[in-house]
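Enquirer: build the 3D model from these lines:
(one chain, ligands or ions: 1)
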Amino acid sequence: MDSLLSQLTAGNVVLDLGCGYGSFHYEAYPFRTLATDLHLPDELLKIRRPGVEYFQADSNTIPLRNESVDAVICHNTLEHFAAYEETLSEIRRVLKPNGWLWIAVPNGDGLDDRLYRFVFEGGGHVNRFTFNGLVEKVQTITGLSLVQACDLFSSFVFLAKPTPERAAGFPRTAHFLLAVPEEFHRFAVIALNTVTRLADKALGSHYSLYGWGFVFAHQRPALPLPSFFNVCRQCGSGCAETHIQHFRKGVFGMRPYECPHCGELNVFVRPPTGHL
Ligand SMILES: [Zn+2]
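Expert: The predicted structure is shown next:
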């Protein structure tokens with residue numbers, strides 16, 4: 001997504017649909033960002049930043065003019081929208097003819113999504129998508145074509161130890177995340193990430209696959225869309241081998257490293273072909 005956004009310029013407008021606290025780092029780009037969600041905390045609505053505008057809206061009735069935005073970002077949101085087909089119709093309406101649409105969704109049959117729904121009593125996920133099912137639906141409703149897609153790998157980041165304030169908003173089933181001792185918790189999440197990646201590499205399974213990222217447009221974007229096999233368990237950033245400055249001593253090809261973005265300890269497993 002970031003490589004695509006970096007092609008946009010100051011005159012462009014991007015709609016972050018279901019933005020939460022932001023699907024990308026708004027200040028890093030020169031274009032105007034419209035960030036919307038059904039409900040937004042007061043602290044975001046009060047923010048006055050050049051080039052960023054927050055507003056509350058239902059994604060099925062987006063209060064924007066026809067053909068007024070250059071790109072729409074639906075980053076891990078469509079699985080939360082009960083009437084997502086209506087949202088796709090609205091995207092078709094507000095997107096300029098040469099605009100593009102980014103969608104990231106979890107694999108509805110994947111381990112990550114199943115575990116997330118189990119721990120968080122559904123966690124607000126009301127749709128289960130398959131790769132082909134989603135592509136067909138988006139193409140039919142928006143009139144756009146799939147021009148690029150990539151695999152998104154899990155880091156089981158939702159299992160990270162929460163703060164007591166954050167855990168207070170969790171369902172009862174997820175309260176154990178706060179109760180588990182810190183060191184055991186850390187070990188368990190690192191082990192889950194490592195074991196799923198080793199299994200996928202050895203068996204060709206997809207236990208570490210989170211879901212997919214898609215770009216829909218009328219024309220093919222020029223930039224490649226990388227898939228990062230190793231993803232930080234704490235911050236969710238993808239880590240290519242070449243981005244890691246220093247590996248600790250490891251065993252059986254598994255090399256511990258500190259995430260270049262947040263500094264947390266992870267275990268690197270060399271990716272299968274086709275991924276970074
Ligand atoms: Zn990190």
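
Enquirer: where's the residue of the stretch 1-150 of the chain at minimum distance from the ion relative to residue 54, distance?
Expert: Nearest residue of the stretch 1-150 of the chain to the ion (CB to the ion) works out as residue 25 at 14.5 Å. (C-beta placed from N, C-alpha, C; glycine too.) From residue 25 over to residue 54 the distance is 15 Å, taken as CB to CB, to the nearest Å.

Enquirer: the more surrounded of those two?
Expert: residue 54 (22 against 9; other CB atoms under 10 Å).

Enquirer: so what pLDDT did the more buried one get?
Expert: Looking at residue 54, its pLDDT stands at 95.

Enquirer: specify the beta-bridge partners of it.
Expert: Listed beta-bridge partners, residue 54: residue 35 (assigned using DSSP bridges).

Enquirer: and it, what does it touch?
Expert: Contacts of residue 54 were listed using CB atoms under 8 Å, 6 or more residues apart in numbering, and they are 19, 35, 36, 40, 44, 45, 47.

Enquirer: looking at those residues, which is nearest residue 238?
Expert: Taking CB to CB as the measure, residue 238 lies nearest residue 19 of the contacts of residue 54, at 20.8 Å.

Enquirer: quick one: the nearest residue in space to the closest one that is not next to it in sequence from residue 204, how far?
Expert: Closest residue in space to residue 19, ignoring its immediate chain neighbours: residue 35 at 3.9 Å, by CB to CB, 6 or more residues apart in numbering. For residue 35, the distance to residue 204 equals 39 Å [CB to CB].

Enquirer: how about residue 240?
Expert: Distance, residue 240 to residue 204, using CB to CB: 21 Å.

Enquirer: compare neighbour counts for these two and give me the winner.
Expert: Taking other CB under 10 Å, residue 240 and residue 204 do not tie; residue 240 has more neighbours (14 against 8).

Enquirer: residues touching the more buried one, list them.
Expert: Residues counted as contacts of residue 240 (CB under 8 Å, 6+ apart) are 226, 228, 230, 276.

Enquirer: give me the ChimeraX select line for those, limited to the buried ones.
Expert: The ChimeraX selection below is limited to those of the contacts of residue 240 classed as buried (16 or more other CB atoms under 10 Å):
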select :228,230
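
Enquirer: of the contacts of residue 240, closest to the ion?
Expert: residue 230 (10.5 Å).

Enquirer: the residue lying closest to that closest one once chain neighbours are set aside: neighbour count?
Expert: With sequence-adjacent residues excluded and distances taken as CB to CB, 6+ apart, residue 230 is closest to residue 239, at 4.8 Å. Here the number of neighbours of residue 239 (other CB under 10 Å) works out to 21.

Enquirer: what sits against residue 239?
Expert: Contact partners of residue 239, counting by CB under 8 Å, 6+ apart, are 228, 230, 231, 232, 257, 259, 260, 266, 268.

Enquirer: and the last one, how far is that from the ion?
Expert: Here the criterion is CB to the ion, to the nearest Å. By it, residue 268 lies 12 Å from the ion.

Enquirer: got the domain ranges for this protein?
Expert: Domain assignment for the chain by automatic domain parsing gives 1-154+208-228, 157-207+230-267.
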